[in-house]
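Asker: Here is a sequence with its predicted model. Questions after.
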Amino acid sequence: MIIRFLIAHAYSVGGTIRTTFQTAGKLADDHDVEVMSVYRLRDRPGLELDPRVRLRALTDLRPARVRRAARPAVSRPSRLIHPADARYPMFNLLTDAALMRFLKSTRDGVLVGTRPGLNLAMARHARAGVVRIGQDHMNLDYPSALLSAIAERYPRLDAVNALTEDTAAGYRELLGPATRVVCIPNAAPPLPGRRAALDAPVVVAAGGLTRRKGFDRLLQAWARLAPDHPDWRLRIFGDGPYRGELEQHIDDLGIRRSARLCGHSQRLLDELAGASVFAMTSRKEGFPMVILEAMSVGLPVVAYDCPTGPRDIVSDGVDGHVVPDGRTRLFTEALGGLMQDADRRRRFGVAALEKATQYRIDAIADRWDDCFRELAAAKDGSATGSRHGGATARARA
């Protein structure tokens with residue numbers, strides 16, 4: 001089976017790219033897999049990709065690679081991507097032309113989109129012979145214009161995948177019973193073999209430095225904790241446009257001695273394993289991979305109950321705490337309680353490691369594999385293509 005993942009910019013760094021690369025690599029055990037990047041802005045991918053998976057850029061937007069004749073198209077806004085998609089400014093007429101050529105020339109196999117703008121383009125322009133699956137890595141908290149377009153066009157897809165059951169229920173209500181909606185979450189990273197000792201006086205957080213990630217809220221909570229925990233340190237890993245404001249926020253709160261923005265790390269799992277608690281204060285998530293990464297090294301988690309993801313992963317009082325969104329005092333109490341209780345950290349850490357095993361890539365890839373086969377079988381009118389049908393089905397694929 002030929003499986004293609006369609007992603008905006010696969011050469012960057014982020015949760016969507018990380019989980020797409022991981023899933024693609026595992027599916028390459030049995031299938032011919034490609035990752036299609038609509039545009040390319042970097043010389044090399046920011047994350048490692050299984051060498052069996054082909055990575056192709058439909059449009060090379062590196063300044064030195066854009067031909068003079070194509071520059072006017074680069075400067076003009078996209079007409080193919082919905083303008084309410086958060087990444088709309090990154091698309092242009094040149095990416096439109098390349099994406100349209102790709103959609104019209106792809107005649108078979110499976111195509112998985114990874115964001116609303118791409119899913120809508122697939123629904124409208126991908127050939128009917130292709131198994132078309134729309135996957136959103138966020139929740140349904142979209143602008144009304146985008147929701148209207150989703151309600152109109154997503155039913156043309158063969159399936160829509162949501163990362164949480166709450167989001168799946170929202171899609172079913174929005175799209176109606178005729179549209180197949182499945183729920184396949186992201187997979188945890190492979191267990192790194194290193195576990196957090198949970199004795200280092202370090203709280204860690206990670207993500208892009210954007211307002212959505214809410215690190216300003218984490219710093220506010222830390223300012224309340226730092227005076228009573230002088231030996232503890234807060235380490236935030238990631239880069240982004242909000243860095244300058246966060247640095248100023250650290251100074252304004254007077255926590256420069258204990259709080260630090262550490263930038264992007266290529267060894268994030270090692271950084272997580274060197275901490276004792278993971279903190280998340282996002283304003284909005286889809287299915288936060290970084291929580292699973294933290295759990296995979298045995299870190300307990302304290303997270304705001306933002307829409308969506310934390311409460312779908314963290315079991316409050318078992319492997320971490322899920323705090324009502326925006327309640328700084330309650331968040332501070334939960335985080336501070338773990339900081340001063342080593343026995344509870346260890347108990348939660350064991351449970352967190354066990355939770356991460358429930359999201360092993362083998363199980364998640366099997367669910368994708370079954371979904372692909374069933375949809376392909378329905379499209380060509382053959383008998384069920386589920387791998388549970390036996391070795392014949394797998395050999396036929």
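Answerer: Great, that's in hand. Residues are numbered from 1 along each chain as shown.

Asker: ok, residue 372 - contacts?
Answerer: The contact partners of residue 372, by Cβ atoms under 8 Å, 6 or more residues apart in numbering, come to 1, 3, 110, 131, 385. For glycine as for every other residue, the C-beta is placed from the backbone atoms N, C-alpha and C.

Asker: Please report the distance of the fourth one from residue 185.
Answerer: As defined by Cβ to Cβ, to the nearest Å, residue 131 lies at a distance of 20 Å from residue 185.

Asker: Which one of these two is surrounded by more residues?
Answerer: The neighbour comparison of residue 131 against residue 185 (other Cβ atoms under 10 Å) goes to residue 131, with 26 against 21.

Asker: Isn't the more buried one up against residue 376?
Answerer: Yes: under the criterion of Cβ atoms under 8 Å, residue 131 makes contact with residue 376 at 5.4 Å.

Asker: which residues do those two both contact?
Answerer: Counting by Cβ under 8 Å, 6+ apart, the shared contacts of residue 131 and residue 376 are residue 110.

Asker: how would you label residue 80: helix, strand or coil?
Answerer: Assigned by DSSP: H, G, I helix; E, B strand; the rest coil, the conformation of residue 80 is coil.

Asker: Need the pLDDT of it.
Answerer: With respect to pLDDT, residue 80 has a value of 98.

Asker: Kindly report the domain assignment for this structure.
Answerer: Annotated domains of the chain cover 2-187+361-396, 202-357 [automatic domain parsing].

Asker: Can you say which of these is packed in most?
Answerer: domain 202-357 (a mean of 20; mean count of other Cβ atoms under 10 Å).

Asker: For it, give the mean pLDDT please.
Answerer: For domain 202-357, mean pLDDT rounds to 96.

Asker: Just the endpoints, please. Distance across that domain?
Answerer: Domain 202-357 has its terminal residues 24 Å apart, counting by Cα to Cα, to the nearest Å.

Asker: where exactly do the strands run in the stretch 251-397 of the chain?
Answerer: Remark: strands assigned in the stretch 251-397 of the chain by DSSP state E, counting those that start in this stretch are 259-263, 277-280, 301-304, 320-323.

Asker: residue ranges of the helices in the stretch 251-397 of the chain, please?
Answerer: Remark: helices assigned in the stretch 251-397 of the chain by DSSP state H, counting those that start in this stretch are 268-273, 289-296, 310-313, 328-339, 342-357, 361-380, 391-396.

Asker: now the stretch 1-150 of the chain, which segments are flagged as low pLDDT?
Answerer: Scanning the stretch 1-150 of the chain for pLDDT under 70 picks out nothing.

Asker: Run through the helices of it in chain order.
Answerer: For the stretch 1-150 of the chain, helices defined by DSSP H, counting those that start in this stretch occupy the ranges 15-27, 71-74, 93-105, 116-125, 144-153.

Asker: With distance to residue 10 as new columns, can the strands of the stretch 251-397 of the chain be given to me in JSON lines?
Answerer: Formatted as JSON lines, the strands of the stretch 251-397 of the chain follow (distance: least, Cβ to Cβ, whole Å):
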{"stretch": "strand 259-263", "distance to residue 10": "22"}
{"stretch": "strand 277-280", "distance to residue 10": "25"}
{"stretch": "strand 301-304", "distance to residue 10": "28"}
{"stretch": "strand 320-323", "distance to residue 10": "31"}
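
Asker: among the ones you listed, which is nearest residue 95?
Answerer: Within the strands of the stretch 251-397 of the chain, the stretch nearest residue 95 is strand 259-263; the backing value is 29.0 Å (Cβ to Cβ).

Asker: Could you name the helices and strands sitting against the closest one?
Answerer: strand 233-237, helix 243-253 (3 or more Cβ pairs under 8 Å, 6 or more residues apart in numbering; DSSP states H and E).

Asker: which outside residues touch stretch 139-153?
Answerer: For stretch 139-153, the surrounding residues in contact (Cβ under 8 Å, 6+ apart) are 82-85, 116, 119-120, 123-124, 164, 166-167, 170-171, 174-175, 284-286, 307-309.
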